[in-house]
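S.K.: please work out how this folds:
(one chain, ligands or ions: 3)
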Amino acid sequence: MTSNPSYVAVAVATPLRRDFHYRLPNGTKARRGARVKVQFGNRKLIGLITKTDVVPDIASSRIREIIEILPPEGDLPGPILKLCTWASDYYQHPIGEVISTAQPSLLRKGESPLDPVEFLTLTETGRAVDPESLKRAPAQRRLLEFLSSEPRTRQALGKKEITAQTIRTVIEKQWATWQKETQPEASPFVLKGVDYQGITLTTEQETILDTIDNRSDNLPVLLYGVTGSGKTEIYLRMIEKALSKGKQALVLVPEIGLTPQTINRFRQRFNTEISVMHSGLSDRERATSWWRAREGMTGIVLGTRSAVFTPLKHPGVFIVDEEHDSSYKQQDGFRYSARDLAVLRGQFEQAPVVLGSATPSLESLHNAEASKYQLLELKQRPPGVKTETYELLDTRHLEIRDGFTRGLKSRIETSLSRGEQVLVFINRRGFAPVMMCNDCGWIAHCRRCDARLTYHLNTNTLVCHHCGSLSHNIISCQSCNSQNVTAIGVGTQRVEQTLGNLFPDYPVYRVDRDSTRKKGSLEDLLDQIGRGEPAILVGTQLLAKGHHFPNVTLVAILDVDSGFYSADFRAVEKLGQMLLQVGGRAGRADKPGTVLIQTAFATHPLLKQLVTSGYADFARGLLSEREEAGLPPYTFQAIIRAEATQSSAAREFLALLEKKTRTRDSVELLGPIPAIMEKRAGRFRQMLIIAAPRRALVHQTLADLITLAESLPEASRVRWSVDVDPADLF
Ligand code: ADP
Ligand code: ZN
Ligand code: ZN
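M.R.: Ligands and ions are numbered 1, 2, ... in the order given. From the prediction side, this is the model:
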């Protein structure tokens, strides 16, 4: 008697917002999370079983059978599948694409996460060979004898100095073959030692750790403390506690925060297996790390945004450092927030979550206010760690030459002459942001974007920082042909040149994407700076995260003013966070640091509040502005974006959507409005913003809009995408 056929739902990486039903081959058992090979249209694809025992949604005669169920070492564990399902629903993104994001690419392709190791193994014939008969071939004899006790890897054969020729001969004689072994024993990680490096906790740190230990609920903790206040030390203690119970830790850091300094701090503290997930890993390494974490062989997983999907066999703690950092939000495709997903994992997997920052996001502060997070604050710095002081340098009525006022130059000089280092921060790479014709006023613009071209000195080119377009014609005006063109404004390269001229006796190190493109060059620069000799560091954001420069006593921040002009309501929040993050690089050892902010907005009340009474007051000010204006985090938003090469197509598409959608009372549909940079890389971009006082309302409306959009023939003329909880309006 044959049993009734059973059916499963399979997620396949397609833009379709649904899963697909398949029949299980007779006699096989389905596992949720198992990868399967299926026929999809006229292609064979690797999908993933999301549900078992489903009732098919089409006639059973039309349902196809699964071609193959792949082995369990590639299964997506339950909690990660649950996370993906939740995220697909919340971000309204196709489940198949969500699962693809969560998996290492080798798994997506149907390969095993295990690195197959080849062993040379004796065959039956090989075993039967009498070694005595090989007197004339001593090398072959040695090989057969070596294999007689157990199969050997290439590496082991190499160590015995057995040549490739000998191996080939023996294989040709069919005495031995290579066999793949892919199932090494999974053994749990071991914590072999902890090195505290002489650090004893401060009372404040003790209190925070006690509070976390003795809670009756598992609210996410928002750990707020200025740079250098000892947050990382708290993470380390929580990780230690987890490890000592045999549980694992997942630590997320911002994209450019995964520095050697950060990694070393974890390695020095814990003698155990730590897996670092960064973009430089090969597909194989990534898959191996994934598997080892899944099997509980790794104690700590340290990584950037996508590491939030790393499965843990025994989850112990989830940590998100610099939780305000914008790199946690994916900016295209599946636009998830790794921070928010980490919070969710903590709930699903019942492990504590710590979000740490010196400048918490307004969302997180608001969540703390609403008692959804528990706010814990480090108010003092540990002994020996000094606090930096902030000063605003008002540039109004002053002459600024090549980016510097006279006063700023002399402050730099003083620090250098005391043998200290100076960090000059300017968040714009290249030489100058504007190239202008002095005869007709023409300005070099990108042909494909609403953006000016930046002049780069070293390559003598005009570059678009938004689409990468490059132009070598920099000497003549494209409007009147005059040769009288000049580069106006400052970028890192001009700052480097100016400082080099002003202070010829001191080295100037420029750290930006251009100067660190070559592998290892960032490490080299950091090594030189680390020697601590008087020098000037010029850099962008790259310098501002994860690095500590103990000998830097002066930080000069140039050109922050664009933050005050931006059309994005988050610009001032981001500016404030950036100023304190950069400022926090200064004076971490015995020397106190000073941070000079050169600005024409020195009397701006929020900026003044930031430097005089600190981030908490600044954030409170911003929060009440947001509340009054009815903006997030007091309301919720989603954006439908559309773009097209034809200038009006995106706007027309969104206008149609807007017209055909009936919104409930408190839901607002704003738009279509152009993105802040309307044209980028040759495409015209528009958006439709959905705003409402409750999340559920945004989601209902969004779901309606998506259904509608999918049914409109006009959709084929545009590329459209969905962004829930958008982080910017660009
Ligand atoms: P944050 O993560 O808030 O920037 P860290 O944890 O990195 O702060 O601490 C700043 C510096 O102070 C580090 O060099 C760290 O080793 C040191 N530190 C942290 N806690 C203590 C402590 N209790 N006693 C002495 N030094 C400490
Ligand atoms: Zn001109
Ligand atoms: Zn461009």
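S.K.: what helix or strand does residue 390 sit in?
M.R.: Here residue 390 sits within strand 389-394, counting by DSSP states H and E.
S.K.: show me what counts as buried in stretch 210-218.
M.R.: residue 212 (16 or more other CB atoms under 10 Å). Using the backbone N, CA and C atoms, a C-beta is placed for each residue, glycine as well.
S.K.: list of residues touching that stretch?
M.R.: 221, 238, 346-347, 350-354, 374, 376 (CB atoms under 8 Å, 6 or more residues apart in numbering).
S.K.: with adjacent residues omitted, what lies nearest to the residue nearest the centre of the chain?
M.R.: Note on the chain: the residue nearest the mean C-alpha position is residue 305, at 3.3 Å, using CA atoms, centre = their mean. Distances taken as CB to CB, 6 or more residues apart in numbering put residue 338 closest to residue 305, at 4.3 Å, once the chain neighbours are dropped.
S.K.: which residues touch the one you found?
M.R.: 252, 305-308, 320, 328-330.
S.K.: ditto for residue 634
M.R.: So residue 634 contacts 366, 626-627, 693 (CB under 8 Å, 6+ apart).
S.K.: give me the mean pLDDT for stretch 70-87.
M.R.: What stretch 70-87 shows for mean pLDDT is 96.
S.K.: can you give me the neighbour number for the closest residue to residue 325 other than its chain neighbours?
M.R.: Computed as CB to CB, 6+ apart, the closest residue to residue 325 that is not its neighbour in sequence is residue 254, at 3.8 Å. When neighbours are defined as other CB atoms under 10 Å, residue 254 has 23 of them.
S.K.: and for the one 5 residues further on?
M.R.: By other CB under 10 Å, the residues close to residue 259 number 18.
S.K.: what does the one 10 residues further on give?
M.R.: Neighbours of residue 269 under the rule other CB under 10 Å: 23.
S.K.: tell me which element the nearest residue to it once chain neighbours are set aside falls in.
M.R.: Nearest non-adjacent residue to residue 269, counting by CB to CB, 6+ apart: residue 236, 5.4 Å away. Under the criterion of DSSP H and E, residue 236 resides in helix 231-244.
S.K.: who are the packing partners of that helix?
M.R.: helix 203-213, strand 221-225, strand 248-252, helix 260-269, strand 270-271, strand 315-321, strand 353-357 (3 or more CB pairs under 8 Å, 6 or more residues apart in numbering; DSSP states H and E).
S.K.: dihedrals phi and psi, whatever residue of the stretch 201-350 of the chain ends up closest to ligand 2?
M.R.: Of all residues in the stretch 201-350 of the chain, residue 331 sits closest to ligand 2, at 36.2 Å by CB to the ion. For residue 331, the backbone dihedrals are phi -100, psi 0 (criterion: degrees, to the nearest 10).
S.K.: and if you look at residue 147?
M.R.: The phi/psi pair for residue 147 (degrees, to the nearest 10) is phi -80, psi -10.
S.K.: so what pairs up with the closest residue in space to it that isn't next to it in sequence in the strands?
M.R.: Excluding the flanking residues, the one nearest residue 147 by CB to CB, 6+ apart is residue 122, at 4.9 Å. For residue 122, the beta-bridge partners are residue 176 (DSSP bridges).
S.K.: which ones are touching residue 122?
M.R.: Applying CB under 8 Å, 6+ apart to residue 122 gives the contacts 144, 147-148, 151, 175-176.
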